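In: could you work out the structure for the sequence below:
(one chain, ligands or ions: 1)
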Amino acid sequence: MPSNYWRAALVPLGRRLGLLLDDISLEHAEPQGHPERAERLRAIAREVDAGGFWDRCLRVRSRPATRGELEAAHAPRLLDLLEQDLPGHEGHIDADTYYAPKSWEAALHAAGGAVALVERAQAGDIEAGAALVRPPGHHATGDRPMGFCLLNNVAVAARAALAGGARRVAIVDWDLHHGNGTQEIFWQDPGVLYVSTHQYPFYPGTGAVDEIGEGPGRGYTLNVPLPAGAGDAEYEHVFARAIGPALRAYAPDFLLISAGFDAHVRDPIGQMRLSTGAFHRLTHRLRDAVGAAPVVAVLEGGYDLEGLASSNRAMLDALEGPAATPGGAAKAHPVAARVLGALRAALAGTPLEGAIGS
Ligand SMILES: [Zn+2]
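Out: Prediction:
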């Protein structure tokens, strides 16, 4: 009998993790001094190497998103324009949002990479995954790139999950910033629950508690705007008493995380105070809330290299490892309680109202 037989029997089994981290993401070359820089991904890669993830995970290669996959989230005229203007050129779409000669190729692979992980999860090859890609996506709307984002990777992935057989998809966006683009794309779509925690007021200005979706999508957009300075206690409160219960009530068969790490305490852009360990605990809370549904994280922001790389590793550890008790009910925090009270009031008469605790 092989000696590792007993070891395998004693170590609690983790989940099969898919990782996607390709050099094409480095080709989105930033103008000097821009915070959304290729070095971010190199820092993540070093930490992934140090964690020995490549020995254990399934390496998934990115591929360009197809025109059909992109049109599920973006206007054809925007795609025509980007396809025509970006390849081989450099410039700015707005003051924040740049492109380099290979940015279009990188953007196609970032969106397509997120879709590739969704496909592997839906095929049963992996139970969780992380698309560690650039450029980020959650500010890109259906017809406009903005906020460092060209294509909305997580939105393209969500629509691909629905096309691949999911009936309900949830997106939890814990990036420092509100994902205005993702919110807009799914504003009227009850098939995608969009949940965001973000510093507020802050860029891009959207994400107030009363933005809850419209028409058939009314009540399927949940915004938890938090004041500058919020940290582990506020986030734990919100995840334990609102986001977890809302996910349980919605019962998605696929969960996507818009995984930005700019709410980390070290981040130079934001004023939030999340610790590295918080990303581990919050990931566990999400896993716990969606049961056996696959979880795929898609990288968004995070601009302190150490905070970014260590937080991403904390998330990967929680995605890969055995399920753990997430720590029960979080300690009450008055600021979080006030925001949840406002959210509950905004959701009055909608299906998820009762899931929002205090
Ligand atoms: Zn951000």
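In: quick check: closest non-adjacent residue to the residue nearest the centre of the chain.
Out: The centroid of the chain falls nearest to Ser258 when counting by Cα atoms, centre = their mean (1.0 Å). Counting by Cβ to Cβ, 6 or more residues apart in numbering, Ser258 lies nearest to Asp173, which is 3.6 Å off, once chain neighbours are set aside. Heads up, the C-betas are built off the backbone N, CA and C, glycines and all.
In: show me the beta-bridge partners of the one you found.
Out: Ser196, Ser258 (DSSP bridges).
In: Leu117 contacts Leu132, correct?
Out: No: the criterion here is Cβ atoms under 8 Å, and Leu117 misses it with Leu132 at 10.3 Å.
In: who has more neighbours, the two?
Out: Leu117 (29 against 24; other Cβ atoms under 10 Å).
In: so what's the backbone phi/psi at the more buried one?
Out: Backbone geometry at Leu117, expressed as degrees, to the nearest 10, gives phi -70, psi -40.
In: check contacts around it.
Out: 18, 20, 60, 126, 129-131, 157, 296 (Cβ atoms under 8 Å, 6 or more residues apart in numbering).
In: same question, Phe261
Out: Phe261 neighbours (Cβ under 8 Å, 6+ apart): 175, 267, 279, 301-302, 307-308, 311-312.
In: repeat the analysis, applying 6 Å as the threshold.
Out: Phe261 makes contacts with 302, 308, 311, as judged by Cβ atoms under 6 Å, 6 or more residues apart in numbering.
In: over to Leu150?
Out: So Leu150 contacts 107, 135 (Cβ under 6 Å, 6+ apart).
In: against Gln84, how distant is it?
Out: 14 Å (Cβ to Cβ, to the nearest Å).
In: can you tell me the element Glu105 falls in?
Out: helix 103-122 (DSSP states H and E).
In: residues from the stretch 151-300 of the chain in reach of the ion?
Out: Taking Cβ under 5 Å from the ion as the contact definition, the stretch 151-300 of the chain meets the ion at 175-177, 260, 262.
In: what's the closest of these to Leu247?
Out: Set against Leu247, the nearest of those by Cβ to Cβ is Asp175 (17.6 Å).
In: next, give me the two most distant ones among the contacts of Leu117.
Out: Ile126 and Ala157 (13.9 Å).
In: who has more neighbours, the two?
Out: Each of Ile126 and Ala157 has its neighbours counted (other Cβ under 10 Å); Ala157 has more, 32 against 23.
In: whichever residue of the chain sits closest to the ion: what's it in contact with?
Out: Ranked by Cβ to the ion, the top residue of the chain for proximity to the ion is Gly301, at 2.9 Å. Residues counted as contacts of Gly301 (Cβ under 6 Å, 6+ apart) are 136, 175, 260, 262.
In: which residue packs closest to the second one, ignoring adjacent ones?
Out: Distances taken as Cβ to Cβ, 6+ apart put Gly260 closest to Asp175, at 2.6 Å, once the chain neighbours are dropped.
In: number of nearby residues for that neighbour?
Out: Count around Gly260 with other Cβ under 10 Å applied: 26.
In: and what of the one 4 residues further on?
Out: Around His264 sit 25 other residues, with neighbours defined as other Cβ under 10 Å.
In: how about the residue nearest to it when sequence neighbours are not counted, phi and psi?
Out: If the residues on either side of it in the chain are set aside, His264 comes closest to Gly307, at 3.6 Å by Cβ to Cβ, 6+ apart. When read as degrees, to the nearest 10, the backbone of Gly307 gives phi -60, psi -40.
In: and Gly307, what does it touch?
Out: 264, 266-267.
In: and of the residues you listed, the nearest to Leu78?
Out: Closest to Leu78, out of all of those and judged by Cβ to Cβ, is Asp267, at 29.6 Å.
In: which residues touch the closest one?
Out: Contacts of Asp267 (Cβ under 6 Å, 6+ apart): 303-304, 307.
In: close enough to count as contact, Leu247 and Asp288?
Out: No: using Cβ atoms under 6 Å, Leu247 makes no contact with Asp288, being 9.1 Å away.
In: between those two, which one's more packed in?
Out: Leu247 (26 against 18).
In: got the contact list for the residue nearest to that one when sequence neighbours are not counted?
Out: In space, and not counting its chain neighbours, Leu247 is closest to Ala289: 3.9 Å by Cβ to Cβ, 6+ apart. Counting by Cβ under 6 Å, 6+ apart, Ala289 touches 244, 247-248.
In: now, those that are in helices?
Out: Within those, residues falling in helices by DSSP state H are 244, 247-248.
In: as TSV, the residues you listed with pLDDT would be great.
Out: Formatted as TSV, these follow (pLDDT from 0 to 100):
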residue	pLDDT
Gly244	98
Leu247	98
Arg248	98
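In: look at Ala95 and say how many residues are nearby.
Out: 7.
In: and it, that's in a strand?
Out: No: checked against DSSP: H, G, I helix; E, B strand; the rest coil, Ala95 lies outside a strand; its state is coil.
In: before we move on, back to that, measure the residue of the chain closest to the ion to Asp210 for me?
Out: Applying Cβ to Cβ to Gly301 and Asp210 gives a distance of 25 Å.
In: so where's the protein shaky on pLDDT?
Out: Scanning the chain with the threshold set as pLDDT under 70 gives 1-13, 325-329.
In: what's around Thr283, how many residues?
Out: 28.
In: any idea how far Tyr235 is from it?
Out: 12 Å.
In: CA atoms only for stretch 98-108 - export them in CSV, please.
Out: Provided in CSV are the C-alpha atoms of stretch 98-108 (Å, rounded to 0.1, in the frame of the first residue of the first chain):
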residue,chain,number,x,y,z
TYR,A,98,-5.1,53.7,-21.5
TYR,A,99,-4.3,51.2,-24.2
ALA,A,100,-1.0,49.9,-25.6
PRO,A,101,-0.4,48.1,-28.9
LYS,A,102,-1.3,44.6,-27.4
SER,A,103,-4.0,45.8,-25.0
TRP,A,104,-6.9,44.6,-27.2
GLU,A,105,-5.3,41.1,-27.4
ALA,A,106,-4.9,41.2,-23.6
ALA,A,107,-8.5,42.4,-23.0
LEU,A,108,-9.9,39.6,-25.3
